[in-house]
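> predicted model, plus sequence, below.
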Amino acid sequence: MRLKNKEIRLLAVQMELLGKKNFPTKVSFAIAKNQKAISDVIEIIEEQRKKICEKYAERDENGIVKVENGSYVISDLQSLNAEYGELMEIETEVEIQKLEESDLERCGEGKYDAVSPDDVRILQLMI
């Protein structure tokens with residue numbers, strides 16, 4: 001499935017929330033597998049974000065990137081934001097583990113958590 005990097009970042013947060021719920025094994029496995037696939041892409045996005053930040057960061061007399069209060073000191077914020085925006089618009093292929101609607105039928109029964117409307121919105125991607 002092709003998703004923009006900005007969608008992948010949001011999906012990572014959403015999948016983490018789903019992963020904390022107690023769903024039937026097949027649903028939980030698919031969520032965990034998708035979390036892993038998304039995490040691998042997020043790692044690459046984060047590496048590229050760091051490169052962009054370092055590219056536009058101020059440097060000291062030894063060429064070391066300046067950091068204040070845990071953040072880069074940026075010399076050209078407008079260019080950094082433009083390049084980061086470009087990174088977030090790139091479409092990336094993510095292998096999403098699919099589910100059948102019938103896999104969700106046991107959710108809410110017995111020991112399993114119910115699927116909320118927000119969960120359904122996220123899970124639509126997997127159906």
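Ah, there it is. Numbering: from 1, shown residues only.
> where along the protein do the helices fall?
Taking DSSP state H, the helices of the chain run over residues 5-19, 25-56, 77-89, 117-123.
> now the longest one against helix 5-19, angle please.
Relative orientation of helix 25-56 and helix 5-19, computed by axes from the mean of the first three to the mean of the last three C-alpha atoms, to 10 degrees: 140 degrees.
> in helix 25-56, which residues are buried?
When burial is assessed from 16 or more other C-beta atoms under 10 Å, helix 25-56 yields the following buried residues: 27, 30-31, 34-35, 37-38, 41-42, 45, 49, 52-53, 56. Where you see a C-beta, it was placed from the backbone N, CA and C, and this is true even at glycine.
> now for that helix, which elements pack on it?
Counting contacts by 3 or more C-beta pairs under 8 Å, 6 or more residues apart in numbering; DSSP states H and E, helix 25-56 packs against helix 5-19, strand 71-72, helix 77-89.
> redo that, cut-off 10 Å
helix 5-19, strand 71-72, helix 77-89, strand 91-93, helix 117-123 (3 or more C-beta pairs under 10 Å, 6 or more residues apart in numbering; DSSP states H and E).
> out of these, nearest to Glu61?
Taking C-beta to C-beta, strand 71-72 is the member of the helices and strands packed on helix 25-56 nearest to Glu61, at 17.1 Å.
> can you add mean pLDDT and give the helices of the chain back as CSV?
What follows is those, written out as CSV (pLDDT from 0 to 100):
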stretch, mean pLDDT
helix 5-19, 95
helix 25-56, 96
helix 77-89, 97
helix 117-123, 91
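> so which of the helices and strands packed on helix 25-56 is the most packed in?
Most buried of the helices and strands packed on helix 25-56, by mean neighbour count (mean count of other C-beta atoms under 10 Å): helix 5-19, with a mean of 16.
> before we move on, the earlier item: of all the helices and strands packed on helix 25-56, which one is nearest Glu100?
Nearest to Glu100 among the helices and strands packed on helix 25-56 is helix 117-123; the distance by C-beta to C-beta comes to 11.3 Å.
> ok now the closest one, how far from the chain's centre?
16 Å (C-alpha atoms, centre = their mean, to the nearest Å).
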